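# output the structure for:
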Amino acid sequence: MWSDLPTIEKCLDCRPPFSFYFDLIGAYWKSDAASPASLHRLCTLARKQWVTHVLVESAVQRADVREEIDALDQWRGGGGSAEAVALSFFASERAAGEIADVEETSIIGHVVLINYRAATDSRFSDSYIYEGLFRAPSLPNSASTPQSLLNNFVCCEGRFDRKIKGRDFVVRGVYYCQQNGQTHVCAHASLRMTLNTLGTGAFVTNASINSLLAIKPPFSGLSISQIQTAINAYGGVTACVADCTNLSAATYLSILSSIVESGHIALLIFSTAQNIQHVVAVFGHTRNSDEWHPQAVPAYAGPQSARYYPGSAWIDHFLIHDDNFGPYYSLSSRALEVDPQVKAQFIIALHPDGVPNMVASYAETIAAIMLTNWFPSLGSLSSNRWYQYMIKNKSSYVLRTILIARSTYTEHLRNMKDHDGNANDPSEIANFGALPERFWMIEISVPYLFTGNRTKLGELLLDAQQAVNPADLNGIFLAMRLPGLLLVKDAAGDVQHRDLGVCAHVPMFQCRVHDQVW
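Model prediction:
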């Protein structure tokens, strides 16, 4: 039976001349063999958000923490010693030691660090972040007035209730944790990060994953099927796998973008120079409306068939957690193309239950084909000036693909107000008919509206559950909303057209409302 080491409860004043390296990392990260990069990153995030105090206390009383240490000690032969240190970061002029006086909103993050020493070792062999709960990074004007980072979009976040020095606090953010490389690996960490953030089932621990999969250490990694099994078992979400090995960068980035734009989280698996695969959690992006290449490179490269601009081309970074390096990093959309030894292998989307039969990139391509080959023949249906602009438009459309629920889409229609102030009448919305529970919505825009106004001209709806038949695209077509006009398929499968009140461009759909855009 392992023994726990005493942790001195104290409150550290982090204002200058405090040194995070010497006074915190050097004091509490005990292993020389393990890199403290993750704790460095967490301290950096706290420092950037005007941290004033860190409260240090023991976390060994938590049942899940004891379970974690028990598993590691059993694997290492038993009889070891360990400490679990809880570090709570606050931005408050009131000392965190006086916990009753600290503002509830002043908490920046809460970290549980485990240090372990095997019975046969004289020094600590393992140090790692068991749990790191940090609010999404912001750029504060002062310690009390945080403001979101420009262009940083986090598609979802979890709510985590933690007791700190006897007082209940809530931290909202994306769950972070780290592998120890022995009783769990990076896939375990990424599963815990994503599933605990979604919070659709029981709290996920490393031990619960191993029990579910009926596996014991040592691990070289988890297979794709094991990761799928773990995701599907926790309820509310279904794993949807895209094999990236034969896809172009533009295609797999479009898939990843669509997942995030839909408000869902993904696992990105890539190969490394050591011929192993690493997993990171993807939960957001940054979009740069001033990007040059989405329009310029296709123009200079020459004409292509069914040309269109994927909305993902303006996404310059994805927001990720990497258990080796820390949380809330931005991964350049071209990072995996820089070195031939680091390549994307798989993307696993955690979609709500009901896996689409058609991947986002295919839906986007079908939309481009329909707009190129079918739409120009419909010019006589409406004299609306934006509709006629689309008919006569010789440049390519910008397409943005989102997996959306029927209730969310109809709410989007109800709230829609165009540039001229027009809205849809409830009777017009009823014309959309019996849409399936979930479908692909491909937003249609043009470059200058997309980048300048963040608006669109309509949506093309495709059935995500139908088997794809390239010879019969009508089989997956559901509807298309255009300025002043709705094209919708009736019960007999014929396409009907109806007038709509919205006659101009409208704001793009946002799965989470945010305004930190450029």
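# list the buried residues in the least confident helix or strand in the chain by mean pLDDT.
Per-element confidence for the chain was summarised using mean pLDDT, DSSP states H and E. The lowest value among helices and strands belongs to helix 293-301, with a mean of 86. Taking 16 or more other CB atoms under 10 Å as the basis for neighbour counts, the residues of helix 293-301 that come out buried are P294, Q295, P298. Any C-beta I mention is one placed from the backbone N, CA and C, and that applies to glycine too.
# likewise for stretch 112-131?
Of the residues in stretch 112-131, those buried by neighbour count under the rule 16+ other CB under 10 Å are 112-118, 124-131.
# now the two most distant members of the residues you listed.
Of all pairs drawn from these, the one with the largest separation by CB to CB is A118 and E131; the distance is 22.2 Å.
# and after the helix or strand that contains I348, which helix or strand comes next?
Using DSSP states H and E, the element containing I348 is strand 343-352. Toward the C-terminus, strand 343-352 is succeeded by helix 360-373 as the next helix or strand (DSSP H and E).
# now do that next one against strand 343-352, angle only.
90 degrees (axes from the mean of the first three to the mean of the last three CA atoms, to 10 degrees).
# convert the C-alpha atoms of helix 360-373 to PDB, please.
These are the backbone C-alpha positions of helix 360-373, laid out as PDB (Å, rounded to 0.1, in the frame of the first residue of the first chain):
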ATOM      1  CA  ALA A 360     -18.200  17.000 -44.500                       C
ATOM      2  CA  SER A 361     -15.800  17.300 -47.400                       C
ATOM      3  CA  TYR A 362     -18.000  15.200 -49.600                       C
ATOM      4  CA  ALA A 363     -21.100  17.200 -48.700                       C
ATOM      5  CA  GLU A 364     -19.200  20.400 -49.600                       C
ATOM      6  CA  THR A 365     -18.200  18.900 -53.000                       C
ATOM      7  CA  ILE A 366     -21.800  17.900 -53.800                       C
ATOM      8  CA  ALA A 367     -22.900  21.400 -52.900                       C
ATOM      9  CA  ALA A 368     -20.300  22.900 -55.300                       C
ATOM     10  CA  ILE A 369     -21.500  20.600 -58.100                       C
ATOM     11  CA  MET A 370     -25.100  21.500 -57.500                       C
ATOM     12  CA  LEU A 371     -24.400  25.200 -57.500                       C
ATOM     13  CA  THR A 372     -22.200  25.000 -60.600                       C
ATOM     14  CA  ASN A 373     -24.400  22.600 -62.700                       C
END
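# which residues does it contact?
247, 251-252, 254-255, 257-259, 306-308, 310, 397, 399, 401, 403, 440, 442, 444, 460, 462, 464, 468, 473, 476-477, 480 (CB atoms under 8 Å, 6 or more residues apart in numbering).
# got it, and stretch 164-174?
9, 55, 57, 86, 88, 96, 99-100, 104, 107, 109-110, 133-136, 154, 156-163, 193, 197, 281, 283, 321, 327-328.
# skipping adjacent residues, who's closest to A405 in space?
With CB to CB, 6 or more residues apart in numbering as the measure, R438 is the residue that lies nearest to A405, at 5.4 Å, once sequence neighbours are left out.
# I'd say the one you found and P352 touch.
Yes. The pair R438 and P352 passes the contact test of CB atoms under 8 Å, sitting 7.0 Å apart.
# of these two, who's got more company?
The residue with more neighbours, out of R438 and P352, is R438; 23 against 17, by other CB atoms under 10 Å.
# other residues contacting stretch 192-211?
Defining contact as CB under 8 Å, 6+ apart, one finds that stretch 192-211 is touched by 64, 67-68, 71, 156-159, 174-177, 183-184, 188, 191, 216-217, 230-231, 234-237, 265-267, 281, 283, 321, 323, 350.
# again, only this time at 7 Å
In this structure, residues lying in contact with stretch 192-211 by CB atoms under 7 Å, 6 or more residues apart in numbering are 64, 67-68, 71, 156-158, 174-177, 183-184, 188, 191, 216, 230, 234-237, 265, 267, 281, 321, 350.
# try stretch 438-452
Defining contact as CB under 7 Å, 6+ apart, one finds that stretch 438-452 is touched by 289, 295, 309, 311, 314, 354, 358, 363-364, 367, 371, 393, 395, 397-405, 409, 455-464, 478, 505, 508-509.
# before I go, just wanted to say thanks for your time.
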